[in-house]
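1. Fold the stuff below for me.
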Amino acid sequence: MKIATWNVNGLRARLDFVLHWLRARQPDVVGLQELKLTDDEFPADEFRDAGYHAECYGQKSWNGVAILSREPATIVRRGLPGEEALGSRLITATVRDVSFTTVYCPNGKSIDHDDFPRKLAWFDSLHRLLETEHDRGRPTVLCGDFNIAPAPIDTWDEAGMAGHLFHTDVERARLERLLGWGFTDLYRHHLPDARLYSWWDYRAGAFHRNHGLRIDLLLGTASVVTRLRHAEVDRDYRKKQDGLTASDHAPVIVELD
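-> As a prediction, this is how the structure comes out:
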């Protein structure tokens, strides 16, 4: 079972690129983030033609998440309770035997911005949702753009960015609390020493200089970890393909037995 997460940075602009990737990589389940379109605008027919069922929780111009799956998915939840003001950022479904949630976590803008404490509160609400609606004893995957670099190894410049957005102790504590609920960072579990990133700014040649962050994560419960066989950042799809422009995020992929 091949599972992936990908912030596509605008599905309308990126649809042909995503379809190109689906044909090349053939994942079984995908969490997409930052769709920037409504449910009515979501290209479900195009994904169906590519062999995927699609479930969407969209929003005009901003945010938006979706699940693509080879087999039909049973939707469990759209939206994070109590955090509706921050938009369409969470969708949960059951796919085969796996509880699958994809999230687009708030950015926070800067540590001095009003959105920063809202970001922290959003993570607190996500933890409450896990406590009340999820079972750590079943196969569960939580994936998406977390907008947090989990550790110094996950950023190109920890010394320069420590204490700044994505690199603060309070943000990392929220992520650690999710891991403490019962999750393992699947990529880091498989590649404990790899210094690879999933996001690079479009500006200043960041991708070619490898000035990036690993902020796109796939987390799994213990019964998922035992099935883990491979994990990778699909760096080739941060590059143009057949003249099509990439997102500023690369897909992250894991393979399970």
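
2. State the phi and psi torsions of I67.
-> Here is the backbone geometry of I67 (degrees, to the nearest 10): phi -120, psi 130.

3. now swap in A13 and tell me
-> Torsion angles, degrees, to the nearest 10, at A13: phi -80, psi -20.

4. For burial, what's the neighbour tally of it?
-> Residue neighbour count, defined by other Cβ atoms under 10 Å, stands at 14 for A13. In short, each C-beta sits where N, CA and C put it, glycine included.

5. I91: which element?
-> strand 90-95 (DSSP states H and E).

6. Which secondary structure elements does that strand sit against?
-> Contacts defined by 3 or more Cβ pairs under 8 Å, 6 or more residues apart in numbering; DSSP states H and E place strand 90-95 against strand 53-57, strand 65-69, strand 74-78, strand 98-104.

7. can you give me the strands for the stretch 151-257 of the chain?
-> Applying DSSP state E, counting those that start in this stretch to the stretch 151-257 of the chain gives strands spanning 184-185, 199-200, 212-213, 216-220, 228-233, 252-256.

8. Could I get these in JSON lines, plus columns for mean pLDDT and distance to F17?
-> Below are the strands of the stretch 151-257 of the chain laid out as JSON lines (pLDDT from 0 to 100; distance: least, Cβ to Cβ, whole Å):
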{"stretch": "strand 184-185", "mean pLDDT": "98", "distance to F17": "27"}
{"stretch": "strand 199-200", "mean pLDDT": "98", "distance to F17": "16"}
{"stretch": "strand 212-213", "mean pLDDT": "98", "distance to F17": "19"}
{"stretch": "strand 216-220", "mean pLDDT": "99", "distance to F17": "16"}
{"stretch": "strand 228-233", "mean pLDDT": "98", "distance to F17": "17"}
{"stretch": "strand 252-256", "mean pLDDT": "98", "distance to F17": "16"}
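
9. Please tabulate those in TSV, including the columns mean neighbour count and distance to P81.
-> Listed next are the strands of the stretch 151-257 of the chain as TSV, based on neighbours: other Cβ atoms under 10 Å; distance: least, Cβ to Cβ, whole Å:
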stretch	mean neighbour count	distance to P81
strand 184-185	19	25
strand 199-200	23	28
strand 212-213	24	29
strand 216-220	26	20
strand 228-233	16	30
strand 252-256	23	27
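
10. hang on, isn't Y197 packed against L217?
-> No: with contact defined as Cβ atoms under 8 Å, Y197 does not reach L217; the gap is 12.0 Å.
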